[in-house]
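K.L.:
let's see this in three dimensions:
(chains A, B and C)
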Amino acid sequence: MNLECDVLIIGGGMAGLVAGTVSAKKGLNTLLLRRGQSATANSSGAIDIIGYMPEVSEPFSSPKEGLSTIAGLYPLHPYSIVGYSDMVDPDRVVDEIAGRVRETVNWLKKNLRKTVSPLKGSFNHNIHPITILGTTKPTCLIQETMYSESLQKDDDSALLFVGFSGHPDFNPSVAAKTYLEDRLSFGEPPRKVGRCILETAPFGKSYNISSIEIARHLDHETSIQDLANQLKRPVEQIGASHVAVPPVLGLKKAVENKLRLEELLGVEVFELLGFPPSVPGLRLQMALESIFRKSGGKMLVGHEAVSYTRAEDRVSGVLVRAPRREIQIDARAYVLATGKFIGGGLNGDENGIREPVFDLMTVTREYHSAEGILPTRFTNRIAISPLGQPVYSCGLTVDPYFRPVGEDGLEWASNLFAAGSILAGYDYSSEKSGLGVAAVSGYSAAKNVLDYIGEVT
Amino acid sequence: MSDSEFDVVVIGGGSTGTAVARDCAMRGLKTLLLDRDDIASASVGTCAGMISSGLKYRGEPEIVKMCSSEVVHFNHIARHIMSKNPILVPILDFSTVAGDGDYVDSYAEYAEERDVPAMLFLTPEATLEIEPLVHPNVIAGVYYEEFFINPFRLCLLQALDARRHGASIKTYCELVKFETFENEIKGIVYYNRITGATERVNTKIVVNATGPWAHKIARLAGVPLDLRLNKGAHVILDRRIVNVGITTKETVDGRWVYLFPHENTTLLGTTALDTWEDPDALVASYDEIEYLLSSIETVIPSIREARIIRTMAGIRPLVPDWKVPEDQVTRGYRIANHDNGLISFIGGKLVMCRHMAEAVTDLVCRKLGNDAVCTTHEKPLPGNEDDVDIELLSEEYDIKMHVLERMRARRGTEITKILELTKDHPEWKTTICTCEPVIEAEIRYTIREEFPQTLNDLRRRLRIGTGPCQGTSCTFKTAAILSEELNLEGDDFLVDILDFRAERWKGIRPSMRGEQLVQEELAQGMYSCVGNLDQSDVDYDIKPWEEGS
Amino acid sequence: MNEDEAYEYVKGTLKKERIVPYQPYELEVVKSVESCINCGLCINHCPVVAAVGLNRFSGPRSIAVELSRSPPEFWSTADTIYLCTGCGTCREVCPKNVDIPEVVNLIRARIFEHRPDLVPKGFSMIREVLTEHNLAFEPWADLEEKAESRDMRLEKLGLPYVEDRRTDTARVLFYPGCQAEERAQEVREAGKVILDYFDIDYTLLDEMSCCGLPAKLIGDNKTSRLLAEKMTEKVKKLGAEIVVTTCAGCTSNLSDLSHHYEWGIPTVHLLEFLVEMIGLERLREVMDHSPRQEQVHVTVHDPCHLIRHTSRQIMDHALDILRQLPGVRVTESNAIDSCCGGGGMVSYHSGDVANAVVRENLEAIHKTGAKKLVTPCPLCTAQIESNLFKAGSSVEVDDLTVFIAQRLPKKR
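P.N.:
Numbers count the residues shown, from 1 in each chain, chains lettered A, B, ... in the order given. As a prediction, the model looks like this:
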């Protein structure tokens, strides 16, 4: 059955859900379409604002520092967009940019506080949580279950890496070695690490154990006590002050489980940042969906926008496909937050990069057309490089109001906005800026939607 | 004889080198095999793995005969790592195959000994039923059968068999120089890249089985050798997209191009270009990729919808016939018996490796006064002794049937040795590579028994990282296991990951499109965005194909 | 050899090599696995993995990226491929919507044809019934007894008896599905009550036959095709403008048949018909005069074949409908869309797996505090009801069609 609403959000990841929540909170009838699960749901659960730029060899000590660099060198970076609207004083550009990002960070912290993914961290500095490889990365916000206040401050801290037998996603011995070498090379604590393997067999077999089954097991059963019992000895043996676990502490009860373990063992316990399939990513996704729904937003899952109808300078409706049904949805404003290649916001082949719903203009990082490019020419010979892979900087270019523009540089439609990794001009993997850009652009796009709807009403 | 004295030193651990080492060792010669990298790390790893019956060489009847009999031998000694390759030639236009009647005759001559039918003719309806992706305008089909062999397992099993017969196998050992006295070889000096030590051994006979580097080795020994180097590239597609092999001459330039379902992927190949490129820096070119796709498109019109997972490129060391087009150069082999104790191979194909080895080993034995006869065509390679009952094993060990089926294709009867490990370590039943799949027990067994040093070496032995995700999912897990087994430092673990991502990227990058863009976004998201490996300050060596970035 | 002999020889070799050429309609399905990037999101959501663990059921990821890559090896997936309940959660969460449920069916069809010894023995009875009676449930031998059973249910549920209506000029074909025909007769009756109340010009089939979904899920493509062709013949002969069903599986399967066999007419679940053809306003007006106005606290279960194989909107319609019923208070459980385990024919051979899958639902249902669960699918109803009973629960389970019909006023 066809539907009508005020705001239609296309895409259900961080960008779409933030935009949708902002819109719904203001009382607008907001409908969000989601085809598949988002890349957000597979993220590590950390929210990067800005970690690196190619010009700078060290990680930024704070998002503010990174944003100043971006504002100066990359006026078309997604973060910079709000700074270059004509309503902003030229000498207030950096403040405007930083202000919007700070606002978004605080918005996230506030709104996710009572969900399964409460956040820790602040706009004023980057933190460096540990990953399952034993490396560290700069980020701004992490889930409470990943936070450790004192690990890198206490001179005597000793860290125990814990793995689970038959769980291949994390190897504590290797991570411990890697992490220790890193710490020794910096001459910073902890200077002592250990590792141990715990037994957990949620279904009675000690092999092929997935992260999600450990997490669900820890949600349902009183198995935290069992973990604590197994951990007592190794903790004592190495004199651990901190315990690092893979990100499986629970789906809904992770925070409680962390606190309980800390209580039972008398040490700090935190989760590491991990790879897909991600449990914390799922928590973050669930948390964002819950605040969206609580704000009055409606989700239509398993629905894909396939084409559109236009009336003059506006999008009048979108044709939407469910597995075996098709409907038309008419809205007053639309936010396209369909992701990059994983999400399907962009497709690419040897004939160029395309945006499949509205066929919007795509550009490369240099803001040349991406419509005829050969993707391999936009790659780096080195696979994993601080310069990233330029093809992932392709996407849509938007005006200061987050509306995608056409070849003439003007908005393609007055009521179509875009947010998230569909935007061009940044490489989230090398910059460490993924969920930050998604949240900030989603937040900003929604604010513009509100203005737009306010204007036309 | 002391530990540092050998009857024969074989340089090059490809199909020919390992075959020579095996034959020499089996005849009682004290043998050393060296490779500056891993076994099967060069040309043999970049071919399709088909052991051709010699069909293409119908102008060279001796070669056809030899190829056919070698296929028979392989079926006897290595059946467990072989599979049948049924091939269909869809004909859209009879004129393209008008002059090829002698293919049919040539093929039929030895078909019976290989237990395959002579070429069969099929109606267009039958052709389309067997392969619905064939162009609907097909007017006839020709069917014949060839065989595949797993080239990595072949080389490794030949090396392991050589070792079993007393040979020394040393990978990551690079020849530095020959020691000669009065123009005769007395010994060789090599650099052990793992230990960093320079070592030397005495020997009077050196077999140069280095493929595209043969002329460089000869130069080191002070003797001349010419090669005509020829590049061949393949595009590898996800899953078996066609039911049977498809070959056609209705291509861009009239050369035969093939699309073969192989293990759990599909191979599209191949090109043949004269080359002067550095074999280590070689990647498939855009032209080669488009050439292959456009060529097969005439008979498989939907080929561009299929998912490309990577490309590969290697060099054929052809016999130096110049001033003729490369397709007129024989694919047969020559043996250069230099006067100083060096014996070099030129030319040859995978299917001939045992024959080549026999010829040279005969020569070596004559030089040493050894009259043992060759038995490499009789004695089965390890694992080939019997059939394996997957269903029974699955029940016994509580491991999924498909896991065991894939393991069987690599191990044959040796599969039980790996499964036994899981009795003491049930946690090793865990799947590590989800595409193939490969379980932890097989990885640990391989590390302990088959001397891999890197993830790439493991890839050759296990097929980890060869699926659609190209190691996105398993690189870090396998690296952890390797690090544990070899007791590596923390940095080495990260370097291993970077090295393997680099090696996979080498083949992914040239064809980058479609699903590869999605896959690599995920890989970047994991290893760079979360793992932060792009900012890691470990000792990463720039690879030859990464130079000049 | 002549061409025919050659063809036979080749087919023989291919059979030995376990190569079964794809049918054209299979090509699209199997192609979808090429989009899999091995991200594992599906593993996080699969209800079977959640219920029995990744070791027992290697899950949708393995089906997409491992088990479907080499047809000669399809036989070796037999210890995994039958454990899928076909819920489609994996496809719904997959960033690329890889069509894993259909790939499962394709692989099962190959095993059915080439290694019948590996097909679960638990299917043998239903295969017999399908072959002999064209139904997925053994029909009543004694039609009088069948009518008695029906009347008992009608009395217990407080539903009137509406005469079967069969005409060949009707605009609506009402297709209750074989479960409602032979077992849960109250659903068939309730459907008639509703259609009759609103004076819908409907007809039943002269002779009931299965839509073919169970045969497809077993891998018996020959039978499912036969049944599909039977249905097509009947539908085309009747010339109805729309097909309405009260079974979730039939809803999705009939949509496929309508598309594949070019019926040219829509096929909908009764819930869709109520909302889109009759309208919520009209329903509200009618329900204001409902003889049943007592307070009842219910919770809902979303059948997979509606939300994930057809459209999530259908259960939005269900909630909208419930809002029009006086006295009815709905609390959604936090496992409202979690598979009941009844699908994929899993319960026919691995009841322990099917029942493990539904366990999460049971907990969530209790948490709502509701007295009753309603769901618009006879299969889900049966599966959840029997498991609630085994768990000693007092929560009742009703088919939503029955629940609605019970609240209709007496027809004037």
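
K.L.:
all contacts plus neighbour counts: C-alpha atoms, from now on.
P.N.:
OK.

K.L.:
can you list contacts of stretch B:469-484?
P.N.:
Here stretch B:469-484 makes contact (C-alpha atoms under 8 Å, 6 or more residues apart in numbering or on different chains) with A:133, A:168-171, A:173-174, B:309, B:432-435, B:443-444, B:447, B:454-455, B:464-465, B:488-489, B:492-493, B:496-497, B:500-501, B:504, B:519, B:522-523, C:37-39.

K.L.:
which residues does the residue of the stretch 201-350 of chain C found nearest chain B contact?
P.N.:
Nearest residue of the stretch 201-350 of chain C to chain B: C:Ser350, at 16.5 Å (C-alpha to the nearest C-alpha). Applying C-alpha under 8 Å, 6+ apart to C:Ser350 gives the contacts C:Leu83.

K.L.:
that one and A:Ile197: what is the separation?
P.N.:
Here C:Ser350 is placed at a distance of 33 Å from A:Ile197 (C-alpha to C-alpha, to the nearest Å).

K.L.:
where along the stretch 201-350 of chain C do the strands fall?
P.N.:
C:202-203, C:242-245, C:267-269, C:296-300, C:328-330 (DSSP state E, counting those that start in this stretch).

K.L.:
same question for the stretch 201-350 of chain B.
P.N.:
If DSSP E, counting those that start in this stretch is used as the criterion, the strands of the stretch 201-350 of chain B fall at B:206-208, B:228-238, B:245-248, B:257-262, B:265-269, B:273-274, B:308-318, B:333-337, B:342-347.

K.L.:
including mean neighbour count and mean pLDDT, could these go into TSV?
P.N.:
Below are those laid out as TSV (neighbours: other C-alpha atoms under 10 Å in any protein chain shown; pLDDT from 0 to 100):
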stretch	mean neighbour count	mean pLDDT
strand B:206-208	25	98
strand B:228-238	24	97
strand B:245-248	24	96
strand B:257-262	26	96
strand B:265-269	26	96
strand B:273-274	16	96
strand B:308-318	26	97
strand B:333-337	16	96
strand B:342-347	24	96
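
K.L.:
so for B:Thr413, which of these sits nearest?
P.N.:
Ranking those by proximity to B:Thr413 (C-alpha to C-alpha) places strand B:257-262 first, at 21.6 Å.

K.L.:
isn't B:Asn208 right next to B:Ser344, touching?
P.N.:
Yes. Applying C-alpha atoms under 8 Å as the test, B:Asn208 and B:Ser344 come out as touching, 4.5 Å apart.

K.L.:
what about the residue in the stretch 301-450 of chain A that chain C sits nearest to, distance to C:Gly343?
P.N.:
In the stretch 301-450 of chain A, the residue that lies nearest chain C is A:Arg324 (4.5 Å; C-alpha to the nearest C-alpha). As judged by C-alpha to C-alpha, A:Arg324 and C:Gly343 stand 18 Å apart.

K.L.:
more neighbours: which of those two?
P.N.:
C:Gly343 (24 against 17; other C-alpha atoms under 10 Å in any protein chain shown).

K.L.:
give me the contacts around whichever strand or helix holds B:Val403.
P.N.:
Element membership for B:Val403, per DSSP states H and E: helix B:401-411. Residues outside helix B:401-411 that contact it (C-alpha under 8 Å, 6+ apart) are B:80-81, B:153, B:383, B:388, B:390-391, B:393-394, B:415, B:436-439, B:462, C:67, C:73, C:76-79.

K.L.:
ok, now stretch B:504-514?
P.N.:
Contacts for stretch B:504-514 (C-alpha under 8 Å, 6+ apart): A:347-350, A:375-376, A:379, A:381-383, B:283-286, B:289, B:307-312, B:465, B:470-471, B:516, B:545.

K.L.:
any idea how far it is from the middle of the chain?
P.N.:
20 Å (C-alpha atoms, centre = their mean, to the nearest Å).

K.L.:
how far does that stretch stretch from start to finish?
P.N.:
One end of stretch B:504-514 to the other measures 17 Å (C-alpha to C-alpha).

K.L.:
which one is the closest residue to chain A within the stretch 251-400 of chain C nearest to, not counting chain neighbours?
P.N.:
Closest contact between the stretch 251-400 of chain C and chain A, by C-alpha to the nearest C-alpha, is at C:Thr310 (4.5 Å). Leaving aside its sequence neighbours, C:Thr310 sits nearest to A:Arg324 (C-alpha to C-alpha, 6 or more residues apart in numbering or on different chains; 4.5 Å).

K.L.:
per-residue pLDDT of the one you found, please?
P.N.:
pLDDT for A:Arg324: 96.

K.L.:
wait, it touches C:Ser252, no?
P.N.:
Yes. Using C-alpha under 8 Å, A:Arg324 is in contact with C:Ser252, at 7.2 Å.

K.L.:
wait, what's in contact with the residue lying closest to A:Gly344 once chain neighbours are set aside?
P.N.:
Leaving aside its chain neighbours, A:Gly344 sits nearest to A:Thr338 (6.4 Å; criterion: C-alpha to C-alpha, 6+ apart). Taking C-alpha under 8 Å, 6+ apart, we find A:Thr338 in contact with A:Ile10, A:Gly11, A:Gly12, A:Gly13, A:Gly16, A:Gly344, A:Gly345, A:Gly420, A:Ser421, A:Ile422.

K.L.:
tell me the spacing between the third one and A:Ser421.
P.N.:
According to C-alpha to C-alpha, A:Gly12 stands 12 Å off from A:Ser421.

K.L.:
identify the contacts common to the two.
P.N.:
Listed contacts common to A:Gly12 and A:Ser421 are A:Ala337, A:Thr338; contacts here mean C-alpha under 8 Å, 6+ apart.

K.L.:
run through the helices of chain A in chain order.
P.N.:
A:14-25, A:63-73, A:93-112, A:172-186, A:211-220, A:223-238, A:254-265, A:279-294, A:428-431, A:434-456 (DSSP state H).

K.L.:
how about these in CSV, adding mean pLDDT and mean neighbour count?
P.N.:
Listed next are the helices of chain A as CSV, based on pLDDT from 0 to 100; neighbours: other C-alpha atoms under 10 Å in any protein chain shown:
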stretch, mean pLDDT, mean neighbour count
helix A:14-25, 98, 29
helix A:63-73, 93, 20
helix A:93-112, 96, 19
helix A:172-186, 94, 20
helix A:211-220, 93, 22
helix A:223-238, 94, 16
helix A:254-265, 96, 19
helix A:279-294, 98, 24
helix A:428-431, 97, 27
helix A:434-456, 96, 23
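
K.L.:
distance to B:Arg114 added to the ones you listed, as JSON lines?
P.N.:
Below are these laid out as JSON lines (distance: least, C-alpha to C-alpha, whole Å):
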{"stretch": "helix A:14-25", "distance to B:Arg114": "61"}
{"stretch": "helix A:63-73", "distance to B:Arg114": "68"}
{"stretch": "helix A:93-112", "distance to B:Arg114": "69"}
{"stretch": "helix A:172-186", "distance to B:Arg114": "50"}
{"stretch": "helix A:211-220", "distance to B:Arg114": "50"}
{"stretch": "helix A:223-238", "distance to B:Arg114": "61"}
{"stretch": "helix A:254-265", "distance to B:Arg114": "63"}
{"stretch": "helix A:279-294", "distance to B:Arg114": "54"}
{"stretch": "helix A:428-431", "distance to B:Arg114": "54"}
{"stretch": "helix A:434-456", "distance to B:Arg114": "58"}
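
K.L.:
how about these in TSV, adding distance to chain B?
P.N.:
Shown next, in TSV, are the helices of chain A (distance: least, C-alpha to the nearest C-alpha, whole Å):
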stretch	distance to chain B
helix A:14-25	16
helix A:63-73	16
helix A:93-112	19
helix A:172-186	4
helix A:211-220	13
helix A:223-238	18
helix A:254-265	20
helix A:279-294	12
helix A:428-431	4
helix A:434-456	8
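
K.L.:
tell me the contacts of the closest residue to A:Gly436 other than its chain neighbours?
P.N.:
Nearest residue to A:Gly436, sequence neighbours excluded (C-alpha to C-alpha, 6+ apart): A:Ile49, at 4.3 Å. Contacts for A:Ile49 (C-alpha under 8 Å, 6+ apart) come out as A:Pro63, A:Thr139, A:Cys140, A:Lys432, A:Ser433, A:Gly434, A:Leu435, A:Gly436, A:Val437.
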